[in-house]
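# need a structure here:
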Amino acid sequence: MTTTTLAFLVPLLPFLGSVAGLLLGRTAPGFVRPLAVLPTLAAAVLAVLVAVRQGGGKTIEAATQLTPTGSVPIDLALYIDGFAALAAVLVGVVATCVQVYSTGYLRDDPRYPSYAALVSLFTAAMLLVVYSGDLMVLLVGWEIMGICSYFLVGHYWETPEARAASLKAFLVTKLGDVPFLIGLFALATDAGTFRIDGILGAVAAGGLDHPTLVALLLLAGVAGKSAQFPLHTWLPDAMAGPTPVSALIHAATMVAAGIYFVARLLPVFAESAAALTVLAVMAAVTMVGSALAALAQDDIKRVLAYSTIGQLGYMAGALAVGDRGAAVFHLISHGAFKALLFLAAGAIIHAAGTNSLSAMSRMSGLTKRIPDAYWTMTVALLALAALPPFAGFFSKEAVLVAAEHTALGDRTVAPAGAGWTVLVAGLLTALLTAAYAARLWLLAFRGRGAGAPDHGRQPLAMTTVLWVLAIPSLGFGLSVTYLDDWFDGNALTPTVTTAVLGTGLALVGAAVTYAVWRTLAAKVLAGEGPVREPVAAHVAHPDAEAGQVEAEALHLPHPAEDPADPGRVLLGPLHRHAATGFHLDALYTAVFVRPVLAAASLVRFLDREVVDTYVNGAGTGTQWLGWLVRRAQTGNVQTYLSALLAGSVVLAIAAVLVAAGA
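Numbers count the residues shown, from 1 in each chain. Okay, here's the model as predicted:
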């Protein structure tokens, strides 16, 4: 079987599995789990075969015209370079792990068939984006992921949080997709084609007439899809969906699509120094702001959500300095350990038996109860904190090295100012990332919360997946010396300067956090810290995570008043602002939502009180006229003759008066 045939099957198999799962979900429920896991697993295996055959060498291309358009044609095309080959492996492996994990995590969920089918469709859409060689076909996968995220984030539609989060995710990403679509058409107009190879050829030949405009329009869509400032606010709220969905969105689909798109078309963005500068500033603000916000969150999933935003900022920063190899390397490394972090968090929530206990300040005794999640999450957090020899160290260092080279003028793809912006923000974020990673570990596994009921042993499907993902989280970075050919031939090995600075700052962040936590914990034990009365957290709806019904009052400490939280001390007065994401949602509500609602209210008033008044008045006038005409039609001949005679007399008198006047 040819490589192109294998590549066409990679997105096709999950799509067929999704269709079959939807059709057989009600009539043959026994086939739902095999149809969820096996097509995705087969796609992952085929993606590995395609990657082996591609080998980081010459790009694999194939195309057939999808439909004649009369102007710019649309082709069903493949474009598989080293980036695409490795990204497809990441998507396939993570999606398979999520599907297997979900068979245990959602085993009692009555809507599991539709959930599994949507996850398969989500996977197929991302694989289409990865392999597509035509931007219009890529856009199809791009938009399918948007609608899949809407349904999956809103999986627990009984809860208002899930409904609001799904709608917010859809609308915010669509806000970026509108200029993104305009940018695609502008790019195709300049290049004369939607084909990626044709566009890259046009860029090389200097054929783009409006590179800055095109790049900025495309960046708007990238900011929405990959949750970059200022369109990142949807991602923390998307935690209302099932935890495996969060793992899929954050590690291998949706948010990875924007970064991957810029990496694939980086020469287009490199044509505009202004666009790269904007991207660098956007990445720097995203990195630092999200890390500060993560340090203030109590919900474990929101910490990880802000962590994803910050790590995506690293990738955007690498692209801003013109190094797509470092960006995709971090994309793949991050996909492994972030999937592990979310799935381990899901194991913690599953052990507690309710999503209301995802607050870290309420956790206690988890180390012995769920040792698999404890050890694997420790590995993932070390990778997130970028400590050697874990995967995150090597991929983060690749980003910092690229920024260093640009800042010092060794690379001239991007302005030196962009390099310094990314480098300084990246080093500061390394400090903050290690701090919130240490805080998460301490509160989750060394905390003294009220604990939660023990819901028994974790399903084997869940624990197995955690250990599978722990392998690349630990060892993927060690393969960096063998991956140069897959990343444009650029060396991705760390340099002494960035390694010492980055690792040193990370160690300082973790050490300071631990010292503050230990001091606070000692004061609490000694009775010197603030003592808070426990408050009741009442759960009276179907459990969002385990599919069970909890209707009990749990007397737990209030998460916002945990006296042993080092984040409150480290952030000081900044804590209350960081906890709300620096009030961006409130700002958007004041600047955009309220004016739109006010305009809608005005339109409704005009429609009801003005337009409807005229319409109703016209109808009323017609009714009155009809009433008068109806009253005149008595059916009495004498009445008609009398009226005729009276009319004749009136006309005669009028004629006489006119004649006299003449």
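# Only C-alpha atoms, please: export stretch 581-595 in PDB.
Output of stretch 581-595 as PDB, limited to C-alpha atoms (Å, rounded to 0.1, in the frame of the first residue of the first chain):
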ATOM      1  CA  GLY A 581      -8.000  36.200  34.800                       C
ATOM      2  CA  PHE A 582      -7.300  39.900  35.300                       C
ATOM      3  CA  HIS A 583     -11.000  40.800  34.800                       C
ATOM      4  CA  LEU A 584     -10.800  40.300  31.000                       C
ATOM      5  CA  ASP A 585     -14.300  38.700  31.000                       C
ATOM      6  CA  ALA A 586     -15.700  41.700  32.900                       C
ATOM      7  CA  LEU A 587     -14.000  44.100  30.500                       C
ATOM      8  CA  TYR A 588     -15.400  42.300  27.400                       C
ATOM      9  CA  THR A 589     -18.800  42.300  29.000                       C
ATOM     10  CA  ALA A 590     -18.600  46.000  29.500                       C
ATOM     11  CA  VAL A 591     -17.100  46.900  26.200                       C
ATOM     12  CA  PHE A 592     -18.800  44.400  23.900                       C
ATOM     13  CA  VAL A 593     -21.600  42.300  25.500                       C
ATOM     14  CA  ARG A 594     -23.500  45.200  27.100                       C
ATOM     15  CA  PRO A 595     -23.400  47.500  24.100                       C
END
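# Which residue, neighbours along the chain excluded, lies closest to Tyr260?
Computed as Cβ to Cβ, 6 or more residues apart in numbering, the closest residue to Tyr260 that is not its neighbour in sequence is Ala87, at 5.9 Å. In this view, the C-beta of every residue, glycine as well, is placed from N, C-alpha and C.
# Does the one you found touch Ile332 like I think?
Yes. Ala87 is within contact range of Ile332, at 6.9 Å (criterion: Cβ atoms under 8 Å).
# Tell me which of these two has more neighbours.
Ala87 (30 against 23; other Cβ atoms under 10 Å).
# So that one versus Leu175, what's the distance?
To Leu175, Ala87 is 26 Å away according to Cβ to Cβ, to the nearest Å.
# If you count neighbours, what's buried in the host helix or strand of Trp441?
For Trp441, the enclosing helix or strand under DSSP states H and E is helix 416-445. Within helix 416-445, the residues that count as buried by 16 or more other Cβ atoms under 10 Å are 418-423, 425-445.
# And stretch 148-165, by the same measure?
Cys148, Ser149, Tyr150, Phe151, Leu152, Val153, Gly154, His155, Tyr156, Thr159, Ala162, Ala165.
# what does stretch 516-526 give?
Quick answer for stretch 516-526 (16+ other Cβ under 10 Å): Val516, Trp517, Leu520, Ala521, Val524.
# The nearest residue to Pro389 once chain neighbours are set aside: neighbour count?
Leaving aside its sequence neighbours, Pro389 sits nearest to Leu478 (Cβ to Cβ, 6+ apart; 6.3 Å). Neighbour count of Leu478, defined by other Cβ under 10 Å: 13.
# any idea which helix or strand carries the nearest residue to Arg26 once chain neighbours are set aside?
Spatially, and ignoring its direct neighbours in sequence, Arg26 is nearest to Pro113 (7.2 Å; Cβ to Cβ, 6+ apart). Assigned by DSSP H and E, Pro113 belongs to helix 112-131.
# For the next helix or strand after that helix, which helices and strands make contact with it?
Going down the chain from helix 112-131, the next helix or strand is helix 135-153, by DSSP H and E. On a contact count with 3 or more Cβ pairs under 8 Å, 6 or more residues apart in numbering; DSSP states H and E, helix 135-153 meets strand 74-80, helix 112-131, helix 160-191, helix 211-225, helix 243-251, helix 255-264.
# Show me what the fifth one is in contact with.
Read that as helix 243-251. With Cβ atoms under 8 Å, 6 or more residues apart in numbering as the test, helix 243-251 has contacts from 90, 94-95, 97-98, 101-102, 105-106, 119, 122-123, 149, 152-153, 155, 235, 238-239, 254-255, 301, 304-305, 308, 334-336, 338-339, 342-343, 345-346, 349, 545.
# tell me, what residue is most central in this protein?
In the chain, the centroid-proximal residue (Cα atoms, centre = their mean) is Val255; its distance is 4.4 Å.
# So it is in contact with Trp234, correct?
No. Counting by Cβ under 8 Å, Val255 stays clear of Trp234, with 10.2 Å between them.
# Which neighbours do these two have in common?
Shared contacts of Val255 and Trp234 (Cβ under 8 Å, 6+ apart): Ala227.
# Distance to Val32 and mean pLDDT for the helices and strands packed on helix 135-153 - can I get that in TSV?
Converted to TSV, the helices and strands packed on helix 135-153 look like this (distance: least, Cβ to Cβ, whole Å; pLDDT from 0 to 100):
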stretch	distance to Val32	mean pLDDT
strand 74-80	30	91
helix 112-131	5	96
helix 160-191	22	94
helix 211-225	29	95
helix 243-251	15	94
helix 255-264	27	95
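# Out of the ones you listed, indicate the one that is most buried.
helix 243-251 (a mean of 29; mean count of other Cβ atoms under 10 Å).
# What is the nearest of the buried residues of stretch 148-165 to Glu404?
Nearest to Glu404 among those is Ser149, at 35.5 Å by Cβ to Cβ.
# Let me know the pLDDT of the closest one.
Note for Ser149: predicted pLDDT of 94.
# mind listing what's buried in the host helix or strand of the residue nearest to Tyr260?
Using DSSP H and E, Ala87 maps to helix 82-105. Along helix 82-105, these residues count as buried under the neighbour rule (16+ other Cβ under 10 Å): 82-105.
# Same question for stretch 54-67.
Here stretch 54-67 shows Gln54, Gly56, Thr59, Ile60, Ala62, Ala63 as buried, counting by 16+ other Cβ under 10 Å.
# First-to-last residue distance for it?
Counting by Cα to Cα, to the nearest Å, you get 28 Å between the two ends of stretch 54-67.
# for the next helix or strand after the helix holding Trp441, packing partners?
Using DSSP H and E, the helix or strand that follows helix 416-445 in sequence is helix 460-475. Packing partners of helix 460-475 (3+ Cβ pairs under 8 Å, 6+ apart): helix 82-105, helix 324-352, helix 371-384, helix 391-407.
# Would you mind telling me which of these is nearest Leu41?
Of those, nearest to Leu41 by Cβ to Cβ is helix 82-105, at 4.9 Å.
# got the CA coordinates for the closest one in PDB?
C-alpha atoms of helix 82-105 as PDB (Å, rounded to 0.1, in the frame of the first residue of the first chain):
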ATOM      1  CA  GLY A  82       8.300  16.100   8.900                       C
ATOM      2  CA  PHE A  83       6.100  18.400  11.000                       C
ATOM      3  CA  ALA A  84       2.900  16.900   9.700                       C
ATOM      4  CA  ALA A  85       4.100  13.300  10.100                       C
ATOM      5  CA  LEU A  86       5.100  13.800  13.800                       C
ATOM      6  CA  ALA A  87       2.000  15.900  14.600                       C
ATOM      7  CA  ALA A  88      -0.300  13.200  13.100                       C
ATOM      8  CA  VAL A  89       1.400  10.600  15.400                       C
ATOM      9  CA  LEU A  90       0.800  12.900  18.400                       C
ATOM     10  CA  VAL A  91      -2.900  13.300  17.500                       C
ATOM     11  CA  GLY A  92      -3.400   9.600  16.900                       C
ATOM     12  CA  VAL A  93      -1.700   8.500  20.100                       C
ATOM     13  CA  VAL A  94      -3.300  11.000  22.400                       C
ATOM     14  CA  ALA A  95      -6.800  10.400  20.800                       C
ATOM     15  CA  THR A  96      -6.400   6.700  21.300                       C
ATOM     16  CA  CYS A  97      -5.400   7.200  24.900                       C
ATOM     17  CA  VAL A  98      -8.400   9.500  25.500                       C
ATOM     18  CA  GLN A  99     -10.800   6.900  24.000                       C
ATOM     19  CA  VAL A 100      -9.400   4.100  26.000                       C
ATOM     20  CA  TYR A 101      -9.400   6.200  29.200                       C
ATOM     21  CA  SER A 102     -13.000   7.300  28.500                       C
ATOM     22  CA  THR A 103     -14.200   3.700  28.500                       C
ATOM     23  CA  GLY A 104     -13.500   3.600  32.200                       C
ATOM     24  CA  TYR A 105     -14.000   7.200  33.100                       C
END
